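Visitor: For reference, the sequence and a predicted model appear below.
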Amino acid sequence: MSNTPDKMSDEFWQTIEEFMSVAKRLEGHLSQAQIHSAFMYASACYSAKFLANPQIQHRKTTEHLMAEYAAMYSDMLKTGFEHYNAKPSA
């Protein structure tokens, strides 16, 4: 992944913390599976909205873009596992 965690801006990390705060706030109302699914679906919808914009010229097929996003998610999930396995749960 080209945007490795150590190269991201403070604003990027602040945004992640905001999303994590929303997830923690919802834990008393929804299951972790529902929260996870909601974030995944929202991310997919946001990405699709951006990628479906006819103003943006894509040189890749939808299938290629989906594979690219799946690979990015896999990398992010691996990084998350490494992070949470390295330190006590927050």
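Guide: Structure received.
Visitor: Does Lys60 touch Ala67 like I think?
Guide: No: counting by C-beta atoms under 8 Å, Ala67 is not a contact partner of Lys60; they are 9.3 Å apart. Glycine gets a C-beta too; all of them are placed from N, C-alpha and C.
Visitor: Show me what the mean pLDDT comes to for the longest helix seen in the chain.
Guide: Among all segments of the chain classified by DSSP state H, the helix with the greatest residue count is helix 62-86. Taken as a whole, helix 62-86 has an average pLDDT of 90.
Visitor: Against which helices or strands is it packed?
Guide: helix 32-51 (3 or more C-beta pairs under 8 Å, 6 or more residues apart in numbering; DSSP states H and E).
Visitor: and the helix it packs on with helix 62-86, angle?
Guide: Between helix 32-51 and helix 62-86, the angle comes out at 140 degrees (axes from the mean of the first three to the mean of the last three C-alpha atoms, to 10 degrees).
Visitor: Tell me the buried residues in helix 32-51?
Guide: Ile35 (16 or more other C-beta atoms under 10 Å).
Visitor: Determine how far that helix lies from the middle of the whole chain.
Guide: Centroid separation for helix 32-51 versus its chain: 8 Å, with C-alpha atoms, centre = their mean, to the nearest Å.
Visitor: which residues touch it?
Guide: The contact list for helix 32-51 (C-beta atoms under 8 Å, 6 or more residues apart in numbering) reads 19, 23, 26-27, 30, 56, 58, 62, 65, 69.
Visitor: now do stretch 53-69
Guide: 47, 50-51.
Visitor: first to last residue in it, what's the distance?
Guide: Across its full length, stretch 53-69 reaches 17 Å between end residues, using C-alpha to C-alpha, to the nearest Å.
Visitor: Report the distance from that stretch to the chain centre.
Guide: Taking mean C-alpha positions (C-alpha atoms, centre = their mean), stretch 53-69 and its chain are 17 Å apart.
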